[in-house]
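Student: Here is a sequence together with a model predicted from it:
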Amino acid sequence: DGGITQSPKYLFRKEGQNVTLSCEQNLNHDAMYWYRQDPGQGLRLIYYSQIVNDFQKGDIAEGYSVSREKKESFPLTVTSAQKNPTAFYLCASSMEGPKTEAFFGQGTRLTVV
Amino acid sequence: QKEVEQNSGPLSVPEGAIASLNCTYSDRGSQSFFWYRQYSGKSPELIMSIYSNGDKEDGRFTAQLNKASQYVSLLIRDSQPSDSATYLCAVNRDTGRRALTFGSGTRLQVQP
């Protein structure tokens, strides 16, 4: 079954902790993306990667870090520098190029406790 | 000015009616346009993509694009209560940053 898998579905973080959200795809897509969604809001781009070992900052990269060591994996770390991390985090992937459709994983809901 | 603007709604239509959802964008370099449907608490699901001026139909859905006016719309014919969701408009550039930019979404309510 091809698709994008995000884990965990729910994550709780204590103040000052770093946490890592997993995103894996078996669609053989070149590009992968991380978005953040706050209640009642659209999606805001955190980081994206169009090729292995390369990634670019999006609009709200501060307090986040990523790696792209394998084509199928694009983990996101939410660091303690991110002051308001409670949100719904969405990973997506697509083939390379603008006229290609992006597909999303089921999301990770992160809550600071 | 936001890059992609949508009326937040809610847009309320009776069952069986046509729902019309609108989106404007500011970047003339935008070349690809997408509509996603998002149910509450779920991830976005792709409904339609459109790249050229004019209409594109897929079942009950029609996407319309007018690049001169920087306007893209989604029509849903014979609306059903199961269409009640938030509809997100997204655009992508041909060059430079190639990642989707999203509007904040329009909430659609289809009344039985």
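Tutor: In hand now; what should we look at? These numbers were taken from a predicted model, which means no experiment stands behind them.
Student: Burial check on residue 105, number of neighbours?
Tutor: Using chain A. 22 (other Cβ atoms under 10 Å in any protein chain shown). Where you see a C-beta, it was placed from the backbone N, CA and C, and this is true even at glycine.
Student: switch to chain B, that's the one I care about
Tutor: Around B:Gly105 there are 26 other residues, counting by other Cβ under 10 Å.
Student: May I have the residues that are in contact with it?
Tutor: With contact taken as Cβ atoms under 8 Å, 6 or more residues apart in numbering or on different chains, B:Gly105 is in contact with A:41-42, B:6, B:8, B:38, B:86-89.
Student: and if you look at A:Gly107?
Tutor: Taking Cβ under 8 Å, 6+ apart, one finds A:6, A:9, A:37, A:88-91, B:42-43 in contact with A:Gly107.
Student: quick one: which of the residues you listed is most hemmed in?
Tutor: A:Cys91 (27 neighbours).
Student: pretty sure that one is in a helix, no?
Tutor: No. Applying DSSP: H, G, I helix; E, B strand; the rest coil, one finds A:Cys91 to be strand, outside a helix.
Student: Return the set of residues that bridge with it.
Tutor: Note on A:Cys91: beta-bridge partners by DSSP bridges are A:Trp34.
Student: And B:Ser82, its phi and psi?
Tutor: For B:Ser82, the backbone dihedrals are phi -70, psi -10 (criterion: degrees, to the nearest 10).
Student: For the closest residue to it other than its chain neighbours, pull up the helix or strand it's in.
Tutor: Here the nearest residue to B:Ser82 in space, its sequence neighbours aside, is B:Val110; by Cβ to Cβ, 6 or more residues apart in numbering or on different chains that works out to 7.8 Å. Using DSSP states H and E, B:Val110 falls within strand B:106-111.
Student: for that strand, which positions count as buried?
Tutor: Within strand B:106-111, the residues scored as buried using 16 or more other Cβ atoms under 10 Å in any protein chain shown are B:106-108, B:110.
Student: low-scoring stretches of chain A, by residue?
Tutor: A:1-2 (pLDDT under 70).
Student: and with 80 instead?
Tutor: Chain A contains residues with pLDDT under 80 at A:1-2, A:97-99.
Student: phi, psi of B:Asp83?
Tutor: Backbone torsions of B:Asp83, given as degrees, to the nearest 10, read phi -80, psi -10.
Student: In the sheet, which residues pair with the closest residue to it other than its chain neighbours? Tell me.
Tutor: Distance criterion Cβ to Cβ, 6+ apart; nearest residue to B:Asp83, sequence neighbours excluded, is B:Val110 at 5.2 Å. Beta bridges link B:Val110 to B:Val13 when assigned by DSSP bridges.
Student: Tell me where chain A has strands.
Tutor: All strands of chain A, identified by DSSP state E, fall at A:4-7, A:10-13, A:19-25, A:31-37, A:43-51, A:54-57, A:64-66, A:76-78, A:87-94, A:103-104, A:108-112.
Student: For chain B, what lies in contact range of chain A?
Tutor: Counting by Cβ under 8 Å from any Cβ of the partner chain, the positions of chain B adjacent to chain A are B:4, B:6, B:8, B:31-32, B:34, B:42-46, B:49, B:51, B:88, B:90, B:92-94, B:97-105.
Student: Could you rerun that using 6 Å?
Tutor: Within chain B, the residues that sit near chain A (Cβ under 6 Å from any Cβ of the partner chain) are B:31-32, B:43-44, B:46, B:49, B:51, B:92, B:94, B:98-100, B:102-105.
Student: Buried ones only from those residues, please, as a PyMOL command.
Tutor: To isolate the buried members of the residues of chain B next to chain A in PyMOL, using 16+ other Cβ under 10 Å:
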select buried, chain B and resi 31+32+43+44+46+49+92+98+99+100+102+103+104+105
